[in-house]
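Colleague: Predicted model follows, preceded by the sequence.
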Amino acid sequence: MTVKDIAYLSAATHDEFALLRGKTRDILFHGVQQHCIFSEELIVLLKSKKLRLVVHSHPDYNDIEASDDDRKFLKYIEQKKSLIVSYITGEINEFSANMFDDI
C-alpha cells in the first residue's frame, strides 16, 4: 500500500482513508467523509507506538493543509509527524503536531 493508493481510494469513495503501520502489519482504515474516527483499540496501539499513522487523505484543492484536529490528534497519540495526501490533486505534505514546526 502506498500514499498514492490512499488518494485513489479516497477519490473513488469521497471518504478519508488512513494507513497505519506496525512492525508486523499494516492497517488500511476507511473513514467517513472528512474524518477518520479511530476505535479505542487503534488509539491504544497508536499511543503505545505499536502502530504509526503514516498518512491520511483530504479533499483539498489547493495547498494541502493539516487541520487543527489533525495536529491535535498527532499530539494526543504523541507522534511528531505524519503525511497528508490530497485525493483531488495527489499532492503530499508532511505535517507535525506543532504547526510552527512546518514553517
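Modeller: Structure's in. What do you need? Nothing here was measured: the structure is a model prediction, and the numbers come from that model.
Colleague: what are the ranges of the helices in the chain?
Modeller: Taking DSSP state H as the test, the helices found in the chain are 3-13, 40-47, 68-76.
Colleague: Look up how far Tyr87 lies from the residue lying closest to His14 once chain neighbours are set aside.
Modeller: Nearest residue to His14 in three dimensions, chain neighbours excluded: Gln33, at 5.9 Å (Cβ to Cβ, 6 or more residues apart in numbering). All C-beta spots, glycine's among them, are computed from the backbone N, C-alpha and C. The gap separating Gln33 from Tyr87 is 11 Å, by Cβ to Cβ, to the nearest Å.
Colleague: out of these two, which sits in the busier spot?
Modeller: Set Gln33 next to Tyr87 and count neighbours by other Cβ atoms under 10 Å: Tyr87 wins out with 24 against 10.
Colleague: isn't Ser82 right up against His58?
Modeller: No - with contact defined as Cβ atoms under 8 Å, Ser82 does not count as touching His58 (11.9 Å).
Colleague: Great, nothing more from me.
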